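A.B. asks: Sequence first, then the predicted structure, then my questions.
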Amino acid sequence: GQNIDQPTEMTATEGAIVQINCTYQTSGFNGLFWYQQHAGEAPTFLSYNVLDGLEEKGRFSSFLSRSKGYSYLLLKELQMKDSASYLCAGTYNNNDMRFGAGTRLTVKP
Amino acid sequence: DVKVTQSSRYLVKRTGEKVFLECVQDMDHENMFWYRQDPGLGLRLIYFSYDVKMKEKGDIPEGYSVSREKKERFSLILESASTNQTSMYLCASSLSGQHLYGYTFGSGTRLTVV
């Protein structure tokens, strides 16, 4: 399968910056998604990277390095409402999307 | 807004029962997917469909089947529910060949098999 690896849990302070890393298998890789999932809710789309580099969208940015099989999600000016799980997902071959186990982020005051 | 609706938010079934999980999307998406989500394992693909009456096995199809008689509806069937099928089930849909916005997920069905 296409292994998608990300840390299980992270903790950060309100107002700070946090970087959530994700590594993935490069064979057959198309693009990389990040989703946010609050407890008990459906995942919601955050970003999509297909080219190398940084995509910025407000407080959230996502980076991709295709040659290294590496991505990160950067969250700036953290707010309490950012406490959630962040899912890294890669699309492969025939549009299959493979998910990592998710990183549970806790934002503390 | 695209909507993916799952018929039940919470479901409790007995071992051996046949269980139907329904998913309906209202944006004419070609692709529909069923995942289960378990702590520490993330989302795992059970079945998917790229067209009406078409279905493909995902990573963990054993114990499940699906039905797609109409474009908007994708049903997941547990032929004989077992306790190891207790999980959160998520349905998703997407446009064919359109990756820009990824998948749209339903709110999930938390199934408990007792």
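C.D. replies: Okay, I see it. Numbering: from 1, shown residues only, chains lettered A, B, ... in the order given.

A.B. asks: Where does the prediction get shaky in chain B?
C.D. replies: Low-confidence segments of chain B (pLDDT under 70): B:1-2, B:97-101.

A.B. asks: Residues of it that sit close to chain A?
C.D. replies: B:4, B:31, B:33, B:35, B:40-45, B:48, B:59, B:90, B:94, B:96-97, B:99-108 (CB under 8 Å from any CB of the partner chain). Glycine gets a C-beta too; all of them are placed from N, C-alpha and C.

A.B. asks: Could you check how far residue B:40 is from residue A:36?
C.D. replies: 19 Å (CB to CB, to the nearest Å).

A.B. asks: Give me the most central residue, chain B.
C.D. replies: With distances taken as CA atoms, centre = their mean, residue B:34 lies nearest the centre of chain B, 2.8 Å away.

A.B. asks: And that one, how far from chain A?
C.D. replies: According to CB to the nearest CB, to the nearest Å, residue B:34 and chain A sit 12 Å apart.

A.B. asks: Assign a three-state SS to residue B:84, would you?
C.D. replies: helix (DSSP: H, G, I helix; E, B strand; the rest coil).

A.B. asks: thought the residue nearest to the centre of chain B was touching residue B:77?
C.D. replies: No - Residue B:34 lies out of contact with residue B:77 (CB atoms under 8 Å); the separation is 10.0 Å.

A.B. asks: Mind listing the shared neighbours of the two?
C.D. replies: When contacts are counted by CB atoms under 8 Å, 6 or more residues apart in numbering or on different chains, residue B:34 and residue B:77 are jointly contacted by B:21, B:64, B:66.

A.B. asks: dump the residue contacts of the last one.
C.D. replies: When the contact criterion is CB under 8 Å, 6+ apart, the partners of residue B:66 are B:34, B:46, B:47, B:49, B:55, B:74, B:75, B:76, B:77.
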